[in-house]
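Student: could you look at this predicted model? Sequence included:
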Amino acid sequence: MTITELPPAIVGSLSPSRAADFKTCPLLYRFRSIDRLPETPTRDAVRGTVVHAVLEHLYDLPAAGRTSTAAQAAVEPTWRELVEREPELAQLFDGSDDPALADWLASARRLVDNYFRLEDPTRLEPAAREEFVEVVLDGLRLRGYIDRLDVSPAGDVRIVDYKTGAIPREAYEAKALFQMKFYALVLWRTRGVVPRQLRLMYLADTDTLSYSPDAEELARFEKTLHAIWKAIATASLTGDFRPNPSRLCDWCSHHAFCPAKGGTPPPFPESALAGATDPANPSRSVEPPV
């Protein structure tokens with residue numbers, strides 16, 4: 001008689017962005033992951049999407065064709081393709097003749113050009129781009145997309161992420177590396193190899209932040225993610241997601257619903273209460289949103 005091994009029960013899911021949301025502000029996590037409140041796209045965020053897409057597809061070209069000129073030329077077509085998929089983004093500007101659009105496209109081209117000041121893409125052949133990674137650890141599913149994955153002939157792994165903002169001050173480096181450690185943990189648990197380097201490339205000021213994790217650190221980070229999920233699960237039992245006011249509130253889209261800004265949150269969804277996972281009894285859980 002053959003016993004078929006059942007897949008592990010999923011008691012929760014986290015992506016690096018949603019985990020970071022909860023660390024930053026539990027109420028922001030609720031608004032984005034549970035209430036799924038719409039957020040108005042910003043020019044900065046959409047520019048980041050365009051720049052990421054240009055750099056991703058740069059490596060579709062043969063090595064000799066990966067020039068700054070070619071990459072900058074792809075900025076405007078990439079923007080038009082994005083608007084075709086998401087027509088509401090056109091509302092960011094007052095038509096195709098809006099001088100602000102021309103300035104915005106020029107700023108995107110400068111960011112793309114800055115990438116070439118940080119490395120030579122003609123000498124690179126990434127192992128993966130926009131790579132979806134996923135693992136289940138003790139019932140917690142971790143998943144996300146890696147901008148770029150490099151693997152050396154010796155098997156060393158480097159995770160690369162493009163950032164269109166400026167490099168953070170030293171006091172904020174740990175927060176910046178949170179996402180990269182998340183990906184490093186997933187790769188370690190799925191491939192058995194600790195990434196040799198985590199590299200954040202800051203295009204606004206042509207600088208990089210590099211870090212080399214070790215297995216012990218990633219094991220501690222895994223415990224941190226489980227602690228974050230347990231805190232989310234506990235809050236979900238009662239709907240008690242509290243705001244954590246900070247300077248980041250200036251960039252939040254949900255002031256109208258935030259008690260810290262004089263707003264009132266919408267009623268907590270009954271479906272979320274019904275599907276909440278009790279950390280003390282995860283067997284009765286229904287997987288909460290990522």
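Tutor: Sure, I can see it.
Student: R196: how many residues sit nearby?
Tutor: For R196, the neighbour count with other C-beta atoms under 10 Å is 17. C-beta coordinates here come from the backbone N, C-alpha and C atoms, glycine included.
Student: please give me every residue in contact with it.
Tutor: R196 makes contact with 152, 156-158, 212 under the criterion C-beta atoms under 8 Å, 6 or more residues apart in numbering.
Student: and it, how far is that from V151?
Tutor: For R196, the distance to V151 equals 10 Å [C-beta to C-beta, to the nearest Å].
Student: common neighbours of the two, please.
Tutor: Shared contacts of R196 and V151, defined by C-beta under 8 Å, 6+ apart, are found at 157-158.
Student: residue ranges with poor pLDDT in the stretch 1-150 of the chain?
Tutor: 1-8 (pLDDT under 70).
Student: for whichever helix or strand S271 is part of, C-alpha coordinates in CSV please.
Tutor: Taking DSSP states H and E as the definition, one finds S271 inside helix 270-274. As requested, the backbone C-alpha atoms of helix 270-274 are provided in CSV (Å, rounded to 0.1, in the frame of the first residue of the first chain):
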residue,chain,number,x,y,z
GLU,A,270,-17.0,39.6,7.7
SER,A,271,-15.3,37.2,5.3
ALA,A,272,-11.9,38.2,6.7
LEU,A,273,-13.1,37.5,10.3
ALA,A,274,-14.6,34.2,9.2
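Student: now do stretch 227-241: distance to the chain's middle.
Tutor: Per C-alpha atoms, centre = their mean, to the nearest Å, the displacement of stretch 227-241 from the mean C-alpha position of its chain is 21 Å.
Student: got a pLDDT number for E287?
Tutor: Among the per-residue scores, E287 holds a pLDDT of 48.
Student: distance of A260 relative to S246?
Tutor: When C-beta to C-beta is applied, the distance between A260 and S246 equals 10 Å.
Student: more neighbours: which of the two?
Tutor: For A260 and S246, the more surrounded residue by other C-beta under 10 Å is A260, and the numbers stand at 15 against 11.
Student: could you double-check that that one lies in contact with P243?
Tutor: Yes: the criterion here is C-beta atoms under 8 Å, and A260 meets it with P243 at 4.3 Å.
Student: give the buried residues for stretch 105-123.
Tutor: 105, 107-109, 111-116, 121 (16 or more other C-beta atoms under 10 Å).
Student: who's in contact with that stretch?
Tutor: Outside stretch 105-123, the residues that reach it (C-beta under 8 Å, 6+ apart) are 47, 50-51, 54-55, 58-59, 63-64, 66-68, 71-72, 74-76, 79, 162, 164, 201, 203-204, 206, 208.
Student: so how far is the first residue of that stretch from its last?
Tutor: From the first residue to the last, stretch 105-123 extends over 27 Å; the measure is C-alpha to C-alpha, to the nearest Å.
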